[in-house]
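> generate coordinates for the sequence data below:
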Amino acid sequence: MVTQKTISRNLDVSQAAVSYALTGYRNGYNGGRISKEIRDDIIREASRLKYKPKNPPKKRKKQSIALLNSFGREGFWFPGLLKGIQDYAIESSYLVTHHIFHVNDTLPEQLISSVDGFIAVELPRPEELERIAKHLPVVLLNINDSSEKYDSILPDHCNGIRKAVRHLHGLGHRKFGFFGVRDFPLHHAERYGAYQQAVSELSLPSPNPSWIFTPFRKESSMNDLEQKIKETLSSLKKMKDRPTAMIFAADAYALAFMRFAVDMGISIPKDISIVGFDDVNECESSMPSLSSIAQPLEKMGRLAAKYLIGRINGNNDPAVNVRVATEFKMRNSIAAPVNN
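Residues are numbered from 1 along each chain as shown. Model (predicted):
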């Protein structure tokens, strides 16, 4: 077996010189303590003898990961995700840096060279994401680029909606409506699909199309949202046959619905039971308190950090799409239907 000692003996140089030359050759440095001529001789001899190191030096880890987020996208969900990431990273002796970018930005080389991997809670441009991934592992958190190239950690929207619908069904509800505002973001589109699937699994007739409210917003403002809610309430008020339970794509919609329902003479949950999604803080303090589906934000953050650090440490398994279980929080906005 060819060893560094073999090369040392053949060239009549010290084994330390051989080690310096070969280490410098592999890592891109000049070998430091030996001349260029001796280094070149050692490298040629190692190549001629087909020398293979027993334990190639590993790339030094920087023990740092970066969280990528775009400007203005720190919603209610962000602190929970960050807490989970930080906790797992600290337990694993890693530091977390937070890098905010504009969607069309190119990440600075200084950032890429200073960390071991990235967790993205907002997607860079596809070509930029691919460029980053050529150098370092990337895990997508609470987002999905649909390419299946990257590990992604997401809440289980479908199972959360299923739990809510089946609980309402157990209370006696058979007429289920839905409210969401288009254009749907990814999460809301999945929740809409989950609502349809959950109802179909109960072998109920397809919901009356008039019970499904998916208006397009003219603008991203609270005034526009409130106008869509008022129009929905007005339509429900006029219906002779209306849903006894409504699933909302987000708590923000359900909370606004409850605020204006009183003025429209619709009692919750007597006339309509409602369920939101996200379990924001206002759910507990609203009147009535809002039943909602809670996302496991801290757990998702921990899993993202766990998968990333696993990739940093050499896990080369195929990319995974992990769905983390959600929890249905039952509160006072639901009850058995008075008339079904």
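
> residues of stretch 91-104 that come out buried?
For stretch 91-104, burial by neighbour count (16 or more other Cβ atoms under 10 Å) applies to 92, 94, 96, 101. In short, each C-beta sits where N, CA and C put it, glycine included.

> check stretch 114-122 too.
Buried residues in stretch 114-122 (16+ other Cβ under 10 Å): 115-122.

> which other residues reach that stretch?
Residues from elsewhere that reach stretch 114-122, judged by Cβ atoms under 8 Å, 6 or more residues apart in numbering: 61-70, 73, 78, 81, 85, 94, 97, 101, 103, 129, 132, 136-143, 304-305, 308-309, 311-312.

> adding distance to Q227, write the buried residues of stretch 91-104 out as TSV.
Listed next are the buried residues of stretch 91-104 as TSV, based on distance: Cβ to Cβ, whole Å:
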residue	distance to Q227
S92	48
Y94	47
V96	41
F101	33
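
> from those, which ones fall inside helices?
Among those, none falls in helices (DSSP state H).

> so which of the residues you listed comes closest to L22?
Within the buried residues of stretch 91-104, distances to L22 taken as Cβ to Cβ reach their minimum at Y94, with 30.8 Å.

> check contacts around the closest one.
Counting by Cβ under 8 Å, 6+ apart, Y94 has contacts 63-65, 116, 305, 309.

> hmm, 10 Å instead?
Counting by Cβ atoms under 10 Å, 6 or more residues apart in numbering, Y94 touches 61-65, 85-86, 88, 115-117, 305, 308-309, 312.

> which of these count as buried?
Buried members of the contacts of Y94, counted by 16+ other Cβ under 10 Å: 65, 85-86, 88, 115-117, 305, 308-309, 312.

> which of these fall in helices?
The members of the buried ones among the contacts of Y94 that map onto helices under DSSP H are 85-86, 88, 305, 308-309, 312.

> would you map the strands across the stretch 51-200 of the chain?
With DSSP state E, counting those that start in this stretch applied, the stretch 51-200 of the chain shows strands at 64-70, 95-101, 117-120, 138-141, 151-155, 176-179, listed in chain order.

> perfect, I'm done here.
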